[in-house]
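Chemist: Everything below, folded, please.
(2 chains)
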Amino acid sequence: MNRIIRKQQLSAEVFRIEVEAPLIARERKAGQFIIVQVDDAFGERIPLTIADADPVRGTITLIFQTVGRTTHLLADKNPGDTIPALLGPLGTPTHIEKFGHVVCVGGGIGVAPLHPIAEALKAAGNRLTIIMGARTASLLILEDEMRALADDLIIVTDDGSRGRQALVTVPLKELCEQNPKPDLAVVIGPPIMMKFGAETTRPYGVPTVVSLNTIMIDGTGMCGGCRVTVGGETKFVCVDGPEFDGHQVDFDNMMKRLRSYKSREDADHHACHLQQQAHKLAAG
Amino acid sequence: MSHATPDQLHHAATAKLAEIRASGKPLTAKDRAAIPPQEMPNQDPNLRRSNMNEVALGYSPEQTQLEAERCLQCKNAPCVGGCPVGINIPAFVKAAAEGRFDDSIAIIREASLLPAVCGRVCPQESQCQAPCTLGKILKDVNKSVAIGRIERFVADRQREGGAQAVPAIKPPTGRKVAVIGSGPASITVAADVRREGHAVTMFEAFHKPGGVLVYGIPEFRLPKAIVRKEIETLQAMGVTLETNYVIGRTRKLRDLLDRDGFDAVFVGTGAGLPKFMGIPGENLVGVFSANEYLTRSNLMRAYDTAQAHTPIYPSRKVAVLGGGNVAMDAARTALRMGAAEVHLIYRRTEQEMPARVEEVAHAREEGVIFHILQNAKRIFGDDNGCVRAIECLRYELGEPDASGRRRPVEIQGSEFEMEMDTVIVAIGNESNPLIRQTTAGLNVNKYGNILVDETGQTSLDGVYAGGDIVLGAATVILAMGEGRRAAAAINARLAGPARA
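Modeler: I've put the predicted structure just below:
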């Protein structure tokens, strides 16, 4: 049982919670994730990024967007409530060294997994240019935290409500065209954004790391549900990843696999919102 | 095959048993061989293909006694040699024949910790029942004494009677042993080590203990309540259970020894990454490993669509690739999840199938369509990247290969296509990479299986391993045998006063 210490709503569908998990807080490294289950009798198991951890307090921070049943149930929980099952830290930690100039690109909720990686890269002595993007201003998360790490911070929104009106690929391309070009790009966000991020850097030969979030059950290398095609080979995100060479990932196949249960997800999303509305009305 | 009801089987057995008892004469070997083998009462195939309840319903007391009377009590007891844990089979069968069911289960428990499980899932026809003299006389291994079914009856009777005793525990020794994983090998080690008075902590990555017994084997073949009972017995013995705890990540294996004060560690992490065929189309939407498909259904209870949050793929036409128990489990689960057609594709013949004969028969009765001497060559997708069809090749059998089974040889130009929307790959597992990736100095073979010596010890002092992580995909009873051996070595190591 893991108790929720703090909860904060970051935007209409994005929440940040701090959860007691002392062992995970002590062991976790940048790039790792956990598997969470909100109901241990009938719940599903889903992977979520560890956005931050405090080994002294023994807590980890999770940032998530309400998508399916589990994330909605998690959003309904409050400080003092417990999460019955939390497993981690899972996945291979990010390879961190002094690369030189690193461009960190975060799209939407992807800024959450990007944050600890940027932090570790900064601590290793890299110069960081951080590009943060979202559909609209209210969906930008962790801006202050990222600003604190960035040597240069570029904010873009699709609708121009904050920063430049552009996709993250626009400033990324500009950076790749500079001389010298960046030594590494780390691109994390929705699959379509990672795909186009990787396509942007490819012609310039800038090594590009992406972090994949696929359907997963055990998270320890048993079920094979998380598999992706990387460089023509099947890889397992839970033990071989979650980070891969973005230029090698078959994003089209991955995006299709992510939609395997789309109809169920949509139905749950709808039902959960109706339920949340009902709770609000009942609470007066 | 016509379906005999449990009542019919019970009444026939009761009448026959009464006839034998009334004669008052000791039975000759010829008399025993003439007793009809007792059929296992099963749920009606037409009903069971739409429910998750157990298929085999178990013998009645009379059927058990009558079946046990078939045993010739051979002096050389070849059956015992066929049992990986060496249960005194003639003794427990004799006790059952005489209606001394408590004695019977007590004899089994001297050697086996999981009789209700083994009575259900052991491949008896290739283990204890293979060398049975009666089977040899009747020239049919399936007419050997049904040792497993008798074992199941006496184990179930004890559990249902609430009389399952907690084994005696020796006084505390001050020694601590960590057991990684909670499947059959680990359960065996935990019990054997705990009985010597050592403190035992069992670490399980999932939220529920039991390993493959709960995520892999479906309810209709092994009810979860039976596994739960075994785990409760361990806890009643004082074994500490840590769920949601993955060694190698939450804590490194070496930390258990170097920092947490464990005196020995047993690694029973079981099967790992599923194997795939390596054919085109294998990552299309609608292609699953049997592990994923079965875990969704068994552990996450996706079959309970009203309550479970975990979705399972809506399938109409399913192809299952493989011929083992896992393939049968996946095929039969798919039927129960509402598939209209389930096709099992296996590249050898039914004789070479590694699945238990009983499970193959059950699958057939329930309507699984068998394609033998065929193999998938590629999977075709539609515009959405979903499975549309599978292309197969026909095979014929050639000379025996390294496995001793006749090698399947493809027939050139025999390709044909079948429409499918789901493909479940059930061709086995690689070993789990987590512990070896995060434990320096742990020697493994080229398949990633942990190497152990004859006592079950790994290349690291004080670290033992057993079960599928050592054997590759094997059986419950072999895993238990390995657990026994490692537990004996751990107990020998920890005998005597604790080090300062």
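Chemist: what's the average pLDDT for stretch A:101-113?
Modeler: Stretch A:101-113 shows a mean pLDDT of 95.
Chemist: how long is it end to end?
Modeler: One end of stretch A:101-113 sits 19 Å from the other (Cα to Cα, to the nearest Å).
Chemist: Excluding residues flanking it in the chain, which one is nearest residue 222?
Modeler: You didn't pick a chain, so chain A it is. Once flanking residues are discounted, residue A:222 sits nearest to residue B:291: 5.7 Å by Cβ to Cβ, 6 or more residues apart in numbering or on different chains. Using the backbone N, CA and C atoms, a C-beta is placed for each residue, glycine as well.
Chemist: my bad, the chain I had in mind was chain B
Modeler: residue B:120 (5.3 Å).
Chemist: can you count the residues close to the one you found?
Modeler: 26 (other Cβ atoms under 10 Å in any protein chain shown).
Chemist: Let me see the contact set for it.
Modeler: Neighbouring residues of residue B:120 by Cβ atoms under 8 Å, 6 or more residues apart in numbering or on different chains: B:56, B:148, B:152, B:221, B:222, B:226.
Chemist: Reformat these as CSV; add pLDDT, neighbour count and secondary structure.
Modeler: Below are those laid out as CSV (pLDDT from 0 to 100; neighbours: other Cβ atoms under 10 Å in any protein chain shown; DSSP: H, G, I helix; E, B strand; the rest coil):
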residue, pLDDT, neighbour count, secondary structure
B:56, 95, 18, strand
B:148, 96, 23, helix
B:152, 97, 25, helix
B:221, 96, 22, coil
B:222, 96, 23, coil
B:226, 94, 20, helix
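Chemist: re the thing from before, wait, doesn't the residue nearest to residue A:222 sit right on residue A:226?
Modeler: No. The pair residue B:291 / residue A:226 is not scored as a contact, 11.7 Å apart, by Cβ atoms under 8 Å.
Chemist: follow-up on the earlier one: pull the most distant pair out of the contacts of residue B:120.
Modeler: The span of these, defined through Cβ to Cβ, is set by B:148 and B:226 at 14.3 Å.
Chemist: Would you state the strands of the stretch 151-284 of chain A in chain order?
Modeler: A:152-157, A:164-165, A:184-188, A:208-211, A:227-230, A:233-236, A:243-245 (DSSP state E, counting those that start in this stretch).
Chemist: And the shortest one, what does it pack against?
Modeler: In terms of contacts (3 or more Cβ pairs under 8 Å, 6 or more residues apart in numbering or on different chains; DSSP states H and E), strand A:164-165 is packed against strand A:152-157.
Chemist: ok, residues contacting the strand it packs on?
Modeler: A:128-137, A:140, A:143, A:146-147, A:162-168, A:170-171.
Chemist: neighbouring strands for that strand, and are they parallel or not?
Modeler: With DSSP bridges as the test, strand A:152-157 is paired with strand A:127-134 (parallel), strand A:164-165 (parallel).
Chemist: How far does the shortest one sit from its chain's centre?
Modeler: Chain-centre distance of strand A:164-165: 22 Å, with Cα atoms, centre = their mean, to the nearest Å.
Chemist: how long is stretch B:420-433 from one end to the other?
Modeler: Between where stretch B:420-433 begins and where it ends, there is a gap of 32 Å, by Cα to Cα.
Chemist: okay, and for chain A, where does confidence drop off?
Modeler: Confidence mapping of chain A against pLDDT under 70 gives the ranges A:276, A:283-284.
Chemist: Residue 61: how many residues sit nearby?
Modeler: Just so you know, I chose chain A. Neighbours of residue A:61 (other Cβ under 10 Å): 21.
Chemist: Oops, wrong one, chain B.
Modeler: Neighbour number of residue B:61 under other Cβ under 10 Å is 17.
Chemist: List the contacts of it.
Modeler: B:99, B:101, B:153, B:157.
Chemist: So for the first one, what's the pLDDT?
Modeler: In this prediction, residue B:99 carries a pLDDT score of 96.
Chemist: And for the third one?
Modeler: What the model reports for residue B:153 is a pLDDT of 98.
Chemist: if we can go back for a sec, what about burial for the contacts of strand A:152-157, which qualify?
Modeler: The neighbour-count test (16 or more other Cβ atoms under 10 Å in any protein chain shown) marks A:128-134, A:140, A:143, A:146, A:162-163, A:166-168, A:171 as buried among those.
Chemist: Looking at those residues, spot the one nearest chain B.
Modeler: residue A:167 (24.5 Å; Cβ to the nearest Cβ).
Chemist: Please verify my assumption that that closest one contacts residue A:158.
Modeler: Yes. Counting by Cβ under 8 Å, residue A:158 is a contact partner of residue A:167 at 7.0 Å.
Chemist: what sits in contact with each of these two?
Modeler: residue A:133.
Chemist: Quick check: closest non-adjacent residue to residue B:81.
Modeler: Setting aside the residues directly before and after it, residue B:81 is nearest to residue B:131 in space (Cβ to Cβ, 6+ apart), at 6.5 Å.
Chemist: Now the one you found: phi and psi?
Modeler: phi -90, psi 10 (degrees, to the nearest 10).
Chemist: count of residues packed around the closest residue to residue A:279 other than its chain neighbours?
Modeler: Ranked by Cβ to Cβ, 6+ apart and with sequence neighbours excluded, the top spatial neighbour of residue A:279 is residue A:76, at 7.7 Å. For residue A:76, the number of neighbouring residues by other Cβ under 10 Å comes to 15.
Chemist: Quickly note the distance from residue A:76 to residue B:473.
Modeler: Applying Cβ to Cβ, to the nearest Å, the value for residue A:76 to residue B:473 is 41 Å.
Chemist: how about the strands of the stretch 151-284 of chain A in TSV, adding distance to residue A:280?
Modeler: Below are the strands of the stretch 151-284 of chain A laid out as TSV (distance: least, Cβ to Cβ, whole Å):
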stretch	distance to residue A:280
strand A:152-157	29
strand A:164-165	34
strand A:184-188	33
strand A:208-211	35
strand A:227-230	39
strand A:233-236	41
strand A:243-245	39
